[in-house]
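Novice: What shape does this take:
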Amino acid sequence: MKKIKVVFVTTHFDITGIGSVIMNYCKALNKEQFDLTVMAGSPISEVYRKECSQYGIRIIELPPKHEQPLKHFSKMYKELKKNQFDIFHDHGNSDKMSVELTLAKLAGIKHRIAHCHNTLCSNPKLHKMMNPYFKKTYTCALACGELAGNWIFGENHFEVLPNGFDTKKFVFSASDREKLRKSLHVENKKVIGHMGRVNYQKNQKYLIEAFSALADTDENVVLLMVGKGPDFEEIKDVVNKNRHHDRIILYGESANPASMYSCMDIFVLPSRYEGLPVVLLEAQMSGLPCVVSDAITREVDFGDLRWASIHESPSVWANMIRDVRVLSDNERIQYFEDKKEQIDMYNIDQTVNILANIYLDMMK
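Specialist: Numbers count the residues shown, from 1 in each chain. All right, here's what the predicted structure looks like:
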């Protein structure tokens, strides 16, 4: 049987929410049925390079999209023409996906998927202007959740594909917790945690302000921030100038996010906007109490999230975090069992079958 050639396309293939979604599906799809390629501009994560090599997934690296747009799109078109893919699966956050989708159409790719992962973009005016054209460029519309789909495609004009991953990896681990807390010298501290791409959307400056207000009245708290991104150096500077800089850990990227969640006591996500944040699913699966922005879709809530507005003073967040009870190891493990039904919705073994059937239906 001839394999179906699928190309996953994204702006860059770094350790981000979209990057992890693509990598999870690439690893889980049946390699006897599908020939998989990831096409992305740099940076490309070394972790993902190794995993792609291990699982027989090809990477086509393009020049960086924002720094060299003409070279980026020129090489993309040439590669699409040369490789004759059956399915073009574009992952993005806005109608700007229409550029890639148009190139795929011009390259003769019949089946073109627009897959939305967010509920807002950095340029809403341009988004609104491009939306009518965007809707002519794809043949299949997917979204990570209802809110993201309604925003970009309009109600009922898309299919929801939950962000699937290996959920069992995120069960709380007491040994990982002990080992990591020891290496970070926070054994007896209350660890406020955050994980995400360091950028405008994730709102880390606000998080630091909220932590500072908390740290003013609690000498036992530390802030652990995991992730990298375009604003990393700027945030590093903000941390260095902060009065509690010695209690803020800028960890950078982690190849083992599950151990990071086990290390934390409370998870905080003050995002300005989100599609369906995988980190929030993972944090809940690890049994972490979470304080999150009310701009995030309620679809992600297993029933125990604490919601707050980023339009409130950071001290309001500080008070909310202060009032959260830290759970015991046993309570965190039990949480995974208690929420098994909701967690299974995101189990890669289930969601990959949905995606495979979408591909197979296209090719009939």
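
Novice: C-alpha from now on. contacts and neighbour counts both.
Specialist: Fine.

Novice: Can you give me the domain assignment for this protein?
Specialist: In the assignment given by automatic domain parsing, the structural domains of the chain cover 4-165+347-363, 167-344.

Novice: what about stretch 242-255, how long is it end to end?
Specialist: Across stretch 242-255, the terminal residues are separated by 28 Å (CA to CA, to the nearest Å).

Novice: Thought Lys202 was touching Val268, still the case?
Specialist: No - with contact defined as CA atoms under 8 Å, Val268 and Lys202 do not form a contacting pair (10.5 Å).

Novice: The stretch 251-364 of the chain: helices as residue ranges?
Specialist: All helices of the stretch 251-364 of the chain, identified by DSSP state H, counting those that start in this stretch, fall at 257-263, 278-285, 314-323, 329-338, 340-344, 348-363.

Novice: Could you work out which of the ones you listed reaches nearest to Asn188?
Specialist: With CA to CA as the criterion, Asn188 lies closest to helix 257-263 of the helices of the stretch 251-364 of the chain, at 11.3 Å.

Novice: thinking again about what came up before, which one of Val268 and Lys202 has more residues nearby?
Specialist: In this view Val268 and Lys202 are compared by other CA atoms under 10 Å, and Val268 has more residues nearby, 24 against 20.

Novice: where's the closest residue to that one other than its chain neighbours relative to Asp329, distance?
Specialist: In space, Val268 comes closest to Val291 once its chain neighbours are excluded; the distance is 4.9 Å by CA to CA, 6 or more residues apart in numbering. Using CA to CA, one gets 19 Å for the distance from Val291 to Asp329.

Novice: secondary structure class for Ile60?
Specialist: Reducing the assignment at Ile60 to three states with DSSP: H, G, I helix; E, B strand; the rest coil gives strand.

Novice: residues touching it, list them.
Specialist: If a contact means CA atoms under 8 Å, 6 or more residues apart in numbering, then Ile60 has Thr37, Val38, Met39, Ala40 as its contacts.

Novice: where does the second one fall, helix, sheet strand or coil?
Specialist: If I follow you right, that is Val38. Of the three states, Val38 takes strand according to three-state DSSP.

Novice: where does the stretch 101-250 of the chain dip in pLDDT?
Specialist: Low-confidence segments of the stretch 101-250 of the chain, defined by pLDDT under 70: 119, 121-123, 127.

Novice: still on that earlier bit, would you mind measuring from the residue nearest to Val268 to Trp307?
Specialist: Taken as CA to CA, the spacing of Val291 relative to Trp307 amounts to 6 Å.

Novice: again, but for Asn347
Specialist: Here the distance between Asn347 and Trp307 works out to 25 Å (CA to CA).

Novice: Same check on Phe153?
Specialist: Separation of Phe153 from Trp307 (CA to CA) stands at 27 Å.

Novice: swap in Gly164?
Specialist: When CA to CA is the yardstick, Gly164 and Trp307 sit 24 Å from each other.

Novice: who does the helix or strand containing Leu223 pair up with?
Specialist: When secondary structure is defined by DSSP states H and E, Leu223 falls within strand 221-226. Strand pairing for strand 221-226, determined by DSSP bridges: strand 190-195 (parallel), strand 248-252 (parallel).

Novice: So which bits of the last one are buried?
Specialist: What it means is strand 248-252. Of the residues in strand 248-252, those scored as buried under the neighbour-count criterion (16 or more other CA atoms under 10 Å) are Ile248, Ile249, Leu250, Gly252.

Novice: correct me, but the first one touches Val222?
Specialist: Yes - under the contact definition of CA under 8 Å, Ile248 touches Val222, with a separation of 5.9 Å.

Novice: and the residue lying closest to His245 once chain neighbours are set aside, helix, strand or coil?
Specialist: Nearest in space to His245, with sequence neighbours left out and distances taken as CA to CA, 6+ apart, is Val239 at 5.4 Å. With three-state DSSP as the basis, Val239 sits in helix.

Novice: I'd like to know how far Val239 sits from Ser271.
Specialist: The spacing between Val239 and Ser271, counted by CA to CA, is 18 Å.

Novice: Neighbour count for these two, which is higher?
Specialist: Each of Val239 and Ser271 had its neighbours counted (other CA under 10 Å), and the higher figure belongs to Ser271 (23 against 20).

Novice: Skip the chain neighbours and tell me the closest residue to the more buried one.
Specialist: Nearest in space to Ser271, with sequence neighbours left out and distances taken as CA to CA, 6+ apart, is Lys202 at 4.3 Å.

Novice: Return the distance of stretch 217-228 from the chain's centre.
Specialist: Between the centre of stretch 217-228 and the centre of its chain there are 21 Å (CA atoms, centre = their mean, to the nearest Å).

Novice: got the buried residues for that stretch?
Specialist: Counting neighbours by 16+ other CA under 10 Å, the buried set in stretch 217-228 is Val221, Val222, Leu223, Leu224, Met225, Val226, Gly227, Lys228.

Novice: What lies in contact with it?
Specialist: Applying CA under 8 Å, 6+ apart, the set of residues contacting stretch 217-228 from outside is 186, 188-198, 211, 214-215, 247-254, 264.

Novice: try stretch 174-186
Specialist: Under the criterion CA under 8 Å, 6+ apart, residues Glu187, Val222, Ser259, Met260, Ser262, Cys263, Met264, Asp329 lie in contact with stretch 174-186.

Novice: Now with 7 Å, please.
Specialist: Among residues not part of stretch 174-186, those counted as contacts by CA atoms under 7 Å, 6 or more residues apart in numbering are Glu187, Ser259, Ser262, Cys263, Asp329.
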